[in-house]
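Chemist: Have a look; sequence and predicted model below, questions after that.
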Amino acid sequence: MIQLLEPHPDFEIAALTASESSAGKTYRQAAKWRVDSPIPADVAEMTVTATDPAEVPNDVDLLFSSLPSSIGSEVEPDFCEAGYVVSSNSSNARMAEDVPLVIPEVNADHIDLLEVQRDERGWDGALVKNPNCSTITFVPTLAALEEFGLQRVHVATLQAVSGAGYDGVSSMEIIDNAIPYIGSEEDKLETESKKLLGTFEGAALDLHDVEVGASCNRIPTIDGHLENVFVETESDVSPEEAAEAMREYPGLDLPSSPGQLIEVFEEPDRPQPRLDRTLGDGMKISAGGIRESTFGLQYNCLAHNTMRGAAGASVLNGELLLEKGYL
């Protein structure tokens, strides 16, 4: 997130917060920097403060949160009550009825659910969420196919180890192996997708009635979630029509949104994590292997799970909040 924000045209990092064990240290001392670029010099020497509204400058316009969900559920409402707008990558409250869950290119209009949220909770601040990294990978392709009438979807994920965090999967578990289970991940794909594809009429959000089933697997790639998707639609759709719908699906005029959201490959063996995860500075979705099957339409899709699927998604939501006047 710091790597993306440091050169950002609209945002400037004003404060960094963490647990009490890090408070008072410089960011260089507190952080285990494992990103493929140096720590920005000015950020490295910033003093980390406690994660408390009283410790954050009151002229800060936007907070980015990527806390463990158990901590986020306690901390984030405190900041919203104190008047801060929070763009959060944490999984807590994603399915709350008054919390917008947003992929800006897919459901930017859902951001206006914040008006309902503020009325109901009495907040001067606001809380917006981006979805799970594996959900972000396939939902834009479903949104592109919505014109054909989505009925049933099954997705099987091949998820990179970085999605589990640096200490999430040990080398002895994952090398020469694949793990056909990721705790709570299947439920996130099945529920978050229905909310993202739902409709917002100004007072409440209606979930999409598409049926979604998911099977999640961890594989020994570093970055890039690859997913096999099977879609049944109300009207017949040919592979050529599906490919065209994905290619033509619009991006947004926001700094972190790629001009073309979905890159479609003709080659049957693409996309691949190592070759395609950094398309559009890691913010593109790629798709390929589109074909007819006994289940309707079948294809593969890929996204960079820590860029488009996490940090970049939160930054993009921050850009949408700015554009829509919530900052």
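Modeler: Perfect, thanks for sending it.

Chemist: Show me this structure divided up by domain.
Modeler: Domain ranges of the chain: 2-131+310-323, 133-304, per automatic domain parsing.

Chemist: how far is the first one from where the chain is centred?
Modeler: Taking C-alpha atoms, centre = their mean, to the nearest Å, one finds the center of domain 2-131+310-323 at 13 Å from the center of the full chain.

Chemist: Can you report how many residues neighbour residue 134?
Modeler: 27 (other C-beta atoms under 10 Å). For the C-beta atoms, the positions are set from N, CA and C on the backbone; glycine is no exception.

Chemist: that older thread, in CSV, list the domains of the chain along with mean pLDDT.
Modeler: Shown next, in CSV, are the domains of the chain (pLDDT from 0 to 100):
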stretch, mean pLDDT
domain 2-131+310-323, 96
domain 133-304, 97
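
Chemist: How about the contacts made by residue 171?
Modeler: Residue 171 makes contact with no residue under the criterion C-beta atoms under 8 Å, 6 or more residues apart in numbering.

Chemist: Spatially nearest residue to residue 82, not counting backbone neighbours?
Modeler: residue 53 (3.8 Å; C-beta to C-beta, 6 or more residues apart in numbering).

Chemist: And residue 200, by the same measure?
Modeler: residue 110 (5.1 Å).

Chemist: Who are the contact partners of residue 202?
Modeler: With C-beta under 8 Å, 6+ apart, residue 202 has these contacts: residue 112.

Chemist: how close does it get to residue 314?
Modeler: Computed as C-beta to C-beta, to the nearest Å, the residue 202 to residue 314 distance reads 25 Å.

Chemist: and the nearest residue to residue 316 once chain neighbours are set aside, which of the three is it?
Modeler: The spatial neighbour of residue 316 that comes closest, neighbours along the chain excluded (C-beta to C-beta, 6+ apart), is residue 256 at 4.5 Å. When classified by DSSP: H, G, I helix; E, B strand; the rest coil, residue 256 comes out as coil.

Chemist: For residue 256, the count of nearby residues, please.
Modeler: 25.

Chemist: Check the one 5 residues further on too.
Modeler: Residue 261 is surrounded by 26 other residues when neighbours are defined as other C-beta under 10 Å.

Chemist: any idea how far the residue nearest to residue 82 is from residue 76?
Modeler: Taking C-beta to C-beta, one finds residue 53 at 11 Å from residue 76.

Chemist: quick one, which of those two is more surrounded?
Modeler: The residue with more neighbours, out of residue 53 and residue 76, is residue 76; 25 against 17, by other C-beta under 10 Å.

Chemist: Touching, that one and residue 91? I think so.
Modeler: No - between residue 76 and residue 91 no contact is recorded; they are 11.5 Å apart, counting by C-beta atoms under 8 Å.

Chemist: what about the residue nearest to residue 322 when sequence neighbours are not counted, distance to residue 180?
Modeler: Using C-beta to C-beta, 6+ apart and skipping the chain neighbours, the partner closest in space to residue 322 is residue 10 (6.2 Å). Computed with C-beta to C-beta, the distance linking residue 10 and residue 180 is 42 Å.

Chemist: For these two, indicate the residue with more neighbours.
Modeler: Neighbour comparison, residue 10 and residue 180: the larger count goes to residue 10, with 14 against 10 (by other C-beta under 10 Å).

Chemist: Give the helix, strand or coil label for the more buried one.
Modeler: coil.

Chemist: ok now do it, which residues does it touch?
Modeler: 255, 319, 322.

Chemist: Equivalent analysis for residue 128, please.
Modeler: Applying C-beta under 8 Å, 6+ apart, the residues near residue 128 are 85, 86, 87, 88, 99, 100, 102, 111, 114, 317, 321.

Chemist: partner residues bridging it?
Modeler: Beta bridges link residue 128 to residue 87, judged by DSSP bridges.

Chemist: quick one: it from residue 3, how far?
Modeler: With C-beta to C-beta as the criterion, residue 128 and residue 3 are 21 Å apart.

Chemist: just residue 199 next, same as before
Modeler: 35 Å.

Chemist: Ok, residue 14 next?
Modeler: Distance from residue 14 to residue 3, by C-beta to C-beta: 17 Å.

Chemist: go on, residue 212?
Modeler: 32 Å.

Chemist: One more: residue 273?
Modeler: 19 Å.

Chemist: again, but for residue 182
Modeler: Per C-beta to C-beta, residue 182 is found 25 Å from residue 3.

Chemist: Find the nearest non-adjacent residue to residue 122, please.
Modeler: residue 81 (8.0 Å).

Chemist: pretty sure the one you found is touching residue 123, no?
Modeler: Yes - judged on C-beta under 8 Å, residue 81 makes contact with residue 123 at a distance of 5.8 Å.

Chemist: and these two? which has more neighbours close in?
Modeler: residue 123 (19 against 14).
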